[in-house]
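Student: the following block contains a protein sequence and its predicted model.
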Amino acid sequence: MPTRVPDISLKNTALLGIARSSVEVAKLNAQVSSGKRVLSPADDAIAYARAKDLHTVLTATDQYGANIDRADERLSMAETSLASMEDVLARAKEIALEQANPTYDASQRAVLAQGVQQLIDEMVALGNTRLEGRYIFGGFQSDAPPYDAAGTYAGDSGVRNVEIGDGVQVAENVTGDQFLGGGGGGVDTFAVLAQLRDALLANDTAAVSATIDPLDTASEQVTQARMTVGFRMNKLETHRGVLDEVKFQTQQLLSSAEDVDLTQAVSDLVLRQNTLDVARATLARVLGSGSIMQYLA
Amino acid sequence: MDLGRQGIAASRAGMEVVGRNISNAADASYTRQEIFFESPAQGGVRTWAVRSQVDAFIESRLATESQTQGRLEVERRLMSEVSAVFGTTESGLNASMADFFAAVSGLSSSPESSESRANLLFQADAMTGEFQRDADALRGLATEIGKELETTLGRANQIAADIAKLNTSIGGSAAGDGATGQLIDQRTALVKQLGGLIDINTFEDGNGNVTVFVGGGVPLVEGGNSYTLDLAPAQGFDPYAGIAVTTPGGTRNDITDRISGGEVGGLMRVRDEVIRPAMEDLDRVAAALTVQFNQVHGQGFGLDGSTGQDFFSPLSPSVVGAGANTGGADVSAAIFDTSALTLDDYEVVFTAPGQFDLLNTTQGTTVSTGNAYTSGMTLDVDGVRLTLADATGGPQAGDRYLVSTVRDQSLNIAAAVTDPNAIAASATAAGLPGDNANALLLSGIETTRLLDGGTLTLGEKVGRVASQVGLEQQSVEQAYQAQSYVMEGLESRRAEVSGVSLDEEAAKLIQFQNVFQASARLIQLSDELLQTIINMV
């Protein structure tokens, strides 16, 4: 216990109380109004650094999400084109099966040869499918049509991987030289179609019939490519789910690192505000009460 | 009757002291005075002394603690400015770097898209801009601290001069006099203020003079003389000025290393132990990013067929001669093999005019010793080629040169690529717009542990720098809170002894008034008695 309480101490004590409470009230007020507990590193340096890292994770996650969206669009586009190619090849096989039968005559076969030429044109158009100005079946040479009118491939076999997660990549293209060109021991689809067309023109039943098996293989190749695309789209979908979960968890962690516990903050604020009011009232009392001086007549 | 006169004189003196106490009651530095009387042998009363009520122990504790207080106040103010450089949790350099690498990843997803290429250049500019802003802000703070040091030293000099003046006035007046007490109060307050500015010790001699030593033993005030504190030229490779005291004889004592307290100590500590390491760390991050990104980028091909190009402007090594160099040689450095760069700093130390050692100061190792010097020679170290030559003269023994490849890189970093088509996303050859293999490699730099001996990624390092500053700020904040309680406790103990209580003074006033009235009554009574006797005659 102090032995003497000089007037200046009374004033200082009351003023310090007000100053401390004011600082706390201002701080809590900023927390409540921003919803954030960590507004500067001084509030909690560890949580601050952690929150910075988590924001970086969120930025990367968003980018992976955008990459998945892009890859998904491209693979969907490829899927659609590949499905159309299957249809075209099925029609070519129908013609071949039908015309392998000797009941048809040369003029009928000549008409159908034109039909096969149209199928070739359609295949070329499908092989030159574009998305956002990019030829999706041309490998790395995505700026020029990979097929000319005769179905000659001008692209390459570049497979493009995209990042869909930290260290996770997925190939987002299939190249025409593989599933149409028969790269790696398959059949050259355009060559088979041209063979069919020419056999029809030449009215050569045996030659027509010889295209049936290769047409099956060509169709198989496209179906294989379509399945590959499907698997990749599945992988994208699965990984999108993983990313959503990562994002959700990151936001949770971020929230616990930097967000304010509103109930706690508001009740602290009310408490501090009361303390401040009391300190102010006390100061007014202390300064107003004077001393024995005022009782001296 | 004489007794009554003495009583009146004594109570007047008492009331004067009470009056002085009352009128200074609101002055925190004022020391309450008390009057003491003595009764001479022949009777009556005499003022014996007017004493200022001081507890010497508390006063000296206050003087010491106010040095810590001064330091912490400055550190607290500066730290909040330093930590503001690193932004909130979702802004600042970390965020810019994350955005930049997201753009790299976006490029790998759409290498032929002009939007993704343009976006990468845009994000690169945003990131290098953030590097520069942060570097500028930190350098700006260091400069501001330099200016503040100068004004603070000016204030300290003014206070030292005032203390010297007060020494003279106090030495020339009678001790125990109330007015001297106030001069001593003033001087005590000034010494405390000075302690808030810089490390001092004081000692009071028998003649009432206070001698002030600064930086543990260098006199600043001796009797009626005060000496000058000013900025000393930087030592070694230190970019900042230190502190010196100049005696009237013109001798300069550099006391930089001996100052740790007061505002001056706080200013220097924040500059040297917080801002400077942060700047150096950011320089290193910027340098590592530049070197690594350029390395990978140079291996790739742009849409326009370009290859071997730098994405960021290459590092430019800097060489600084020590302030104390006496020779006139010139050392310059250039990078000749980027892949061999280690980002370490090197020091060329001349052991004789014709011989020098080469040290790696980052690793603390010696690269080579006893190299013979000939003007125009070159020496290669880790991809850096040093050229040593005579300039205004030859080298002298003891000359030192610091070679750094990273210095100021956070300030200098800038994208060198301006054409979006020159961004090398392709790994195989020119003219493959859909090839993203090199872009994937560039994107991988974000997660490569390039710094601190392969333990931290670029982003993690920046986060580490920010959290280091944050922890420092937090600890300063806590120390400041603790210190303010210490100061408050001391101030209130000081007030207990030295503060004025108006209640006490009122009581004394009544007491002296009573003595005065009684003494007057004594005179009146004596007078009446005398009249009676006179009337009897």
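Tutor: Arrived safely.

Student: from here on, contacts and neighbour counts on C-alpha atoms
Tutor: OK.

Student: just the CA trace of stretch B:220-236, in PDB.
Tutor: Written as PDB, here are the backbone C-alpha positions of stretch B:220-236 (Å, rounded to 0.1, in the frame of the first residue of the first chain):
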ATOM      1  CA  LEU B 220      29.200  14.000 -23.000                       C
ATOM      2  CA  VAL B 221      28.700  16.600 -20.200                       C
ATOM      3  CA  GLU B 222      31.500  17.500 -17.800                       C
ATOM      4  CA  GLY B 223      30.700  20.400 -15.400                       C
ATOM      5  CA  GLY B 224      29.800  23.400 -17.500                       C
ATOM      6  CA  ASN B 225      31.000  21.800 -20.700                       C
ATOM      7  CA  SER B 226      29.100  19.600 -23.200                       C
ATOM      8  CA  TYR B 227      30.400  17.800 -26.300                       C
ATOM      9  CA  THR B 228      28.800  17.000 -29.600                       C
ATOM     10  CA  LEU B 229      27.100  13.800 -30.700                       C
ATOM     11  CA  ASP B 230      26.900  13.400 -34.500                       C
ATOM     12  CA  LEU B 231      26.800  10.800 -37.300                       C
ATOM     13  CA  ALA B 232      30.000   9.000 -37.900                       C
ATOM     14  CA  PRO B 233      31.100   7.800 -41.300                       C
ATOM     15  CA  ALA B 234      30.100   4.200 -42.100                       C
ATOM     16  CA  GLN B 235      32.500   1.500 -41.000                       C
ATOM     17  CA  GLY B 236      33.700  -1.200 -43.400                       C
END
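
Student: so the residue lying closest to residue B:308 once chain neighbours are set aside is in which element?
Tutor: Counting by Cα to Cα, 6 or more residues apart in numbering or on different chains, residue B:308 lies nearest to residue B:298, which is 3.8 Å off, once chain neighbours are set aside. Secondary structure assignment for residue B:298, by DSSP states H and E: helix B:276-299.

Student: quick one: pLDDT of the residue in the stretch 51-200 of chain A positioned nearest to chain B?
Tutor: Proximity of the stretch 51-200 of chain A to chain B (Cα to the nearest Cα) peaks at residue A:140, 3.9 Å away. pLDDT, residue A:140: 90.

Student: host element of whichever residue of the stretch 301-450 of chain B sits closest to chain A?
Tutor: Of all residues in the stretch 301-450 of chain B, the one sitting closest to chain A is residue B:434 (3.9 Å; Cα to the nearest Cα). Using DSSP H and E, residue B:434 sits in no helix or strand.

Student: that older thread, elements contacting the helix holding residue B:298?
Tutor: Counting contacts by 3 or more Cα pairs under 8 Å, 6 or more residues apart in numbering or on different chains; DSSP states H and E, the secondary-structure elements packed against helix B:276-299 are helix B:114-171, helix B:409-412, helix B:437-444, helix B:458-498.

Student: write out the residues of the stretch 1-150 of chain B neighbouring chain A.
Tutor: B:25-26, B:28, B:80, B:83-84, B:87-90, B:94-95, B:98-99, B:101-103, B:105-106, B:108-109, B:112 (Cα under 8 Å from any Cα of the partner chain).

Student: redo that, cut-off 10 Å
Tutor: Taking Cα under 10 Å from any Cα of the partner chain, the part of the stretch 1-150 of chain B that reaches chain A is made up of B:25-28, B:32, B:79-80, B:83-84, B:86-113.

Student: taking the residues you listed one by one, which sit in helices?
Tutor: B:79-80, B:83-84, B:93-109 (DSSP state H).

Student: what comes up buried for stretch B:126-142?
Tutor: B:126-139, B:141-142 (16 or more other Cα atoms under 10 Å in any protein chain shown).

Student: on that earlier part again, ok, residues contacting the helix or strand that comes right after the helix holding residue B:298?
Tutor: Downstream of helix B:276-299, the next assigned helix or strand under DSSP H and E is strand B:318-321. Outside strand B:318-321, the residues that touch it by Cα atoms under 10 Å, 6 or more residues apart in numbering or on different chains are B:236-239, B:328-334, B:345-348, B:386, B:399-408.

Student: again, only this time at 6 Å
Tutor: B:401-404 (Cα atoms under 6 Å, 6 or more residues apart in numbering or on different chains).

Student: re the thing from before, out of the buried residues of stretch B:126-142, the closest to residue A:163 would be?
Tutor: Among those, residue B:127 lies closest to residue A:163 (Cα to Cα), at 21.8 Å.

Student: so who does the residue nearest to residue B:308 touch?
Tutor: Counted by Cα under 6 Å, 6+ apart, residue B:298 has contacts B:307-310.

Student: select only the buried ones of these in PyMOL?
Tutor: The buried subset of these, as determined by 16+ other Cα under 10 Å, is captured in PyMOL by this line:
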select buried, chain B and resi 307+309+310
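
Student: and which of the contacts of residue B:298 is nearest residue A:192?
Tutor: Nearest to residue A:192, judged by Cα to Cα, of those is residue B:307 at 41.3 Å.

Student: and stretch B:279-286, C-alpha only, in PDB?
Tutor: Provided in PDB are the C-alpha atoms of stretch B:279-286 (Å, rounded to 0.1, in the frame of the first residue of the first chain):
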ATOM      1  CA  MET B 279      16.100  -6.300 -47.500                       C
ATOM      2  CA  GLU B 280      18.900  -8.800 -47.900                       C
ATOM      3  CA  ASP B 281      16.500 -11.700 -47.800                       C
ATOM      4  CA  LEU B 282      14.200 -10.200 -50.400                       C
ATOM      5  CA  ASP B 283      17.200  -9.500 -52.600                       C
ATOM      6  CA  ARG B 284      18.200 -13.100 -52.300                       C
ATOM      7  CA  VAL B 285      14.600 -14.300 -53.200                       C
ATOM      8  CA  ALA B 286      14.600 -11.900 -56.200                       C
END
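
Student: what's the burial count for the residue in the stretch 1-150 of chain B that chain A sits nearest to?
Tutor: Closest to chain A within the stretch 1-150 of chain B is residue B:89: 4.8 Å, counting by Cα to the nearest Cα. Other residues within reach of residue B:89, judged by other Cα atoms under 10 Å in any protein chain shown, total 25.

Student: please pick the buried ones from the residues of the stretch 1-150 of chain B next to chain A.
Tutor: Buried, going by 16+ other Cα under 10 Å: B:25, B:28, B:32, B:79-80, B:83-84, B:86-90, B:92-113, out of the residues of the stretch 1-150 of chain B next to chain A.

Student: mean confidence score for stretch B:209-222?
Tutor: Mean predicted confidence for stretch B:209-222 is 89.
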